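Undergrad: dropping a prediction and its sequence here:
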Amino acid sequence: MPVEPAGSARPQSVPAPRSTAEPAPPAGGGVPPPPGGRAAWLAWAIGASVYVLAVIHRTSLGVAGLDAADRFGIGASALSTFSILQVLVYAAMQIPVGLLVDRFGPRRVLLLGVLLLSTGQLAFAFSSAFVPALASRAVLGCGDAMTFISVLRIAARWFPAAKNPFVAQLTGLAGMGGNLVTTVVLARALHSEGWTPTFTAIALLGAAVFALVALFLREAPPGPPVTAVPGPAAPRPAVGRQVRLAWREPGTRLGLWVHFTTQFPGNAFGLLWGLPYLVEGQGMSRTEAGGLLTLLVLANMTFGFVFGRLLSRTARARMPIVLAVIATTAAGWALVLAWPGGRPPLWLLVAIILVMGSNGPASLVGLDYARARNPVERLGTASGIVNMGGFIGTMITLFGIGVLLDLLTPEGAGGYPATAFRWAFCWQYVPLAVGTLMILRLRRKVAAAS
């Protein structure tokens, strides 16, 4: 299948800075806009299946944290290292992956991603020591990094520009389906079938998804690649220049900080610390905790659909959504953590779970800022920069909570007490405050550049 050169572009897929309307085709035999329709949804669905698989791999440790601590004989700080390394690799790979997508096309990058995901998870399934298991999570994080940006690039080629915000939210919603598989199916399989069979089965899922992408995915509508201006395709910019141009755009930097600030609370809770907090800190059974984690996933899917509909109608909803989610998350956790005795009632736990369900969908608004202010030939690079944000915030939060839990737990304690969780979770307010200040600062720059 031919790969569209990075220098070529369909001008209709580039949103105007102040509007979600598609620009008119260029005069003199212009290029038709991306078609949408059934073929577009089929291409998106195949790409999204890889992202669903990646989320299953990514969140698998969230329901296996206590089992991993027992299997490898490690404490909270070492346990958090698994997720931190995985997220660190994911974040570090975002710009390289964006460049790969811009140069070689999303189909090839998705195929490589599936191979790395399956290899990493298979190694994790048979690991019995901490260091090999840690290395396998790094490989897994590398494969995970190649999925989301690739799906967004496929959507940008197949769908009209005005529909891209909705498709991005729908992609996130599909990913939450993978999280649902983790919390409902994987958690049960882990305790009925055991560690190695469960993680091996997840790794083998990759073979079916690889075949689906290799045989059926068309990464762009049929027809020869076209350029915005008739004549030879523009030369590919140097890698460093491509990154610099994307970073200099204030919309890219605003997108990064939106992603950073809105995503990390729900991400850190779902990836690692949610189950230990509910089981050891709140005295719930694993079944009850699993039910609340499932509620988190369902809330995420619901908010993804609602935000997608709002953003597809007007770009003016972006900043109100972001600021409302930040404020509600901060207020919700303040109430939970300030509750006397550190054991809030069930209704309040349900409420904060529902609030955190808005975190992931709100983070995708950051990608809208980057998409609206970068040309299509560097869209993958800009999206990669933005997509780093939330995972850097997640990494900082995972590490801070793990260190504080170890410091605040008495020697010889059988688990982490509610008081330790209470103070450790206060760490969230550090990245939350930094990110909010950066959003308010860059918001004015983007407005001035409009």
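TA: Right, received. Where do you want to start?
Undergrad: CA only for contacts and neighbour counts going forward, please
TA: OK.
Undergrad: residues of stretch 355-371 that come out buried?
TA: Residues 355-371 are the ones in stretch 355-371 that count as buried (16 or more other Cα atoms under 10 Å).
Undergrad: now swap in stretch 170-187 and tell me
TA: Buried residues in stretch 170-187, counted by 16+ other Cα under 10 Å: 170-184, 186-187.
Undergrad: with just CA atoms, put that stretch into PDB.
TA: Extracted in PDB, the C-alpha atoms of stretch 170-187 (Å, rounded to 0.1, in the frame of the first residue of the first chain):
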ATOM      1  CA  LEU A 170     -14.800   8.400  20.200                       C
ATOM      2  CA  THR A 171     -11.300   7.000  20.000                       C
ATOM      3  CA  GLY A 172     -10.800   7.700  23.700                       C
ATOM      4  CA  LEU A 173     -14.200   6.100  24.400                       C
ATOM      5  CA  ALA A 174     -13.200   3.000  22.500                       C
ATOM      6  CA  GLY A 175     -10.000   2.800  24.500                       C
ATOM      7  CA  MET A 176     -12.100   2.900  27.700                       C
ATOM      8  CA  GLY A 177     -13.700  -0.300  26.300                       C
ATOM      9  CA  GLY A 178     -10.300  -1.900  26.700                       C
ATOM     10  CA  ASN A 179     -10.100  -0.600  30.200                       C
ATOM     11  CA  LEU A 180     -13.500  -2.200  30.800                       C
ATOM     12  CA  VAL A 181     -12.100  -5.500  29.600                       C
ATOM     13  CA  THR A 182      -9.300  -5.100  32.100                       C
ATOM     14  CA  THR A 183     -11.500  -4.300  35.200                       C
ATOM     15  CA  VAL A 184     -14.200  -6.900  34.400                       C
ATOM     16  CA  VAL A 185     -12.500  -9.800  32.600                       C
ATOM     17  CA  LEU A 186      -8.800  -9.600  33.400                       C
ATOM     18  CA  ALA A 187      -9.300  -9.100  37.100                       C
END
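Undergrad: contacts for that stretch, please.
TA: Under the criterion Cα atoms under 8 Å, 6 or more residues apart in numbering, residues 48, 51-56, 59-60, 63-64, 151, 198, 290, 293-294, 297-298, 300-302, 304-305, 308, 360-361, 364 lie in contact with stretch 170-187.
Undergrad: touching the host helix or strand of Leu140 from outside, list them.
TA: Taking DSSP states H and E as the definition, Leu140 sits inside helix 130-144. Applying Cα under 8 Å, 6+ apart, the external contacts of helix 130-144 come out as 51, 54-55, 57-58, 72, 81-83, 85-90, 93, 112-121, 123-124, 127.
Undergrad: any weak-confidence spans in this structure?
TA: 1-36, 223-237, 412-414, 450 (pLDDT under 70).
Undergrad: so where's the longest helix in it?
TA: When the chain is scanned for its longest helix (criterion: DSSP state H), the result is helix 379-408.
Undergrad: by contact count, what packs against it?
TA: Secondary-structure packing of helix 379-408 (3 or more Cα pairs under 8 Å, 6 or more residues apart in numbering; DSSP states H and E): helix 76-92, helix 94-104, helix 148-158, helix 239-248, helix 250-268, helix 365-372, helix 418-424, helix 429-449.
Undergrad: take these and write them to a markdown table, including distance to Asn387.
TA: Shown next, in a markdown table, are the helices and strands packed on helix 379-408 (distance: least, Cα to Cα, whole Å):
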| stretch | distance to Asn387 |
| --- | --- |
| helix 76-92 | 7 |
| helix 94-104 | 7 |
| helix 148-158 | 8 |
| helix 239-248 | 13 |
| helix 250-268 | 7 |
| helix 365-372 | 7 |
| helix 418-424 | 26 |
| helix 429-449 | 14 |
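Undergrad: which stretch among these comes nearest Arg318?
TA: Counting by Cα to Cα, Arg318 lies closest to helix 365-372 out of those; the figure is 6.2 Å.
Undergrad: quick one on the thing from earlier: if you look at the buried residues of stretch 170-187, which of them are in helices?
TA: Under the assignment DSSP H, the buried residues of stretch 170-187 contribute 170-181, 187 to helices.
Undergrad: what's the closest of the residues you listed to Ala155?
TA: Closest to Ala155, out of all of these and judged by Cα to Cα, is Thr171, at 9.5 Å.
Undergrad: against His191, how distant is the closest one?
TA: According to Cα to Cα, to the nearest Å, Thr171 stands 30 Å off from His191.
Undergrad: grab the nearest non-local neighbour of Asp381.
TA: Wrong residue type there; residue 381 is Thr, not Asp. Once flanking residues are discounted, Thr381 sits nearest to Gly98: 4.1 Å by Cα to Cα, 6 or more residues apart in numbering.
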